[in-house]
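[1] Got a sequence here, can you model it:
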Amino acid sequence: MSPVIRIDDEVYAWLQKHARAFEDTPNSTLRRLAGLDDSNVQPILENKNDFIGKKNIQSTVKEASMGYSKTQINNKLSFPRGMSGNRLNREWKVGARHALYHCDGHWYNNLVDFPGALFDPNGYVLFKTEKDYLGCAYLKIGKETNVPKGIWSMPGYVKVR
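    Okay, the predicted model is just below:
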């Protein structure tokens, strides 16, 4: 039986960032990033500026068993199938030039084209200009965009579902 691991929200967001949509499971993402798969592709974590290094992932996988069931971990790590900012932008006729999606509305890549929108499963926030986006007090913008209270807590959130 495989060990069960527990990860925090920051590691989960990082894992989602590196997953291949419609292709990866959490395990296959970790195997690829750690260089444990059978392909000839170089692991992307050899860059010293990556969030966590190859050695840390391998030790975390081995050391992080916390007694959670396989079903609990799979539910936590499951990636929304077929969901994307572009899809919701089209379906909901938002009109964003750059649309990003996150399943819980907390972590996004940075918007680079405007109008830009951040989506969660139930709605979105639209930023008409880069100035609006960069000046938004509800966002923490660094290498990624963090919305600590979720986009649903922001003024201007449009609930669709």
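[2] now the protein, which segments are flagged as low pLDDT?
    Along the chain, segments meeting pLDDT under 70 span 1, 22-23, 37-82.
[3] which residues of it fall in strands?
    With strands called from DSSP state E, the chain shows them at 98-101, 107-108, 116-120, 123-127, 140-141, 145-146, 158-159.
[4] Packing partners of the last one?
    Spelled out, it's strand 158-159. Contacts of strand 158-159 with other secondary structure elements, assessed using 3 or more Cβ pairs under 8 Å, 6 or more residues apart in numbering; DSSP states H and E, are made with strand 123-127. Glycine gets a C-beta too; all of them are placed from N, C-alpha and C.
[5] so which of the strands of the chain gets nearest residue 35?
    Each of those has some distance to residue 35 by Cβ to Cβ; the shortest is strand 107-108, at 24.7 Å.
[6] Deepest in the core, which of the strands of the chain is it.
    The highest average neighbour count among these, using mean count of other Cβ atoms under 10 Å, belongs to strand 116-120 at a mean of 27.
[7] How about the contacts made by residue 149?
    Residue 149 makes contacts with residue 138, as judged by Cβ atoms under 8 Å, 6 or more residues apart in numbering.
[8] let's see 10 Å
    Listed by Cβ atoms under 10 Å, 6 or more residues apart in numbering, the contact partners of residue 149 are 105-106, 138.
[9] picking up where we left off before, looking at the strands of the chain, which is closest to residue 33?
    Each of those has some distance to residue 33 by Cβ to Cβ; the shortest is strand 107-108, at 17.3 Å.
[10] just checking, what packs against that closest one?
    For strand 107-108, the packing partners by 3 or more Cβ pairs under 10 Å, 6 or more residues apart in numbering; DSSP states H and E come out as helix 9-18, strand 98-101, strand 116-120, strand 145-146.
[11] Pull up the pairing partners for that strand, direction included.
    Sheet pairing here is set by DSSP bridges, and for strand 107-108 it gives strand 145-146 (antiparallel).
[12] related to what we said a few turns ago, redo the helices and strands packed on strand 107-108 as a markdown table? Include distance to residue 90.
    Converted to a markdown table, the helices and strands packed on strand 107-108 look like this (distance: least, Cβ to Cβ, whole Å):
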| stretch | distance to residue 90 |
| --- | --- |
| helix 9-18 | 22 |
| strand 98-101 | 9 |
| strand 116-120 | 11 |
| strand 145-146 | 21 |
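[13] Can you tell me which of these is nearest to residue 159?
    Using Cβ to Cβ as the measure, strand 116-120 is the one of the helices and strands packed on strand 107-108 that comes nearest residue 159, at 9.8 Å.
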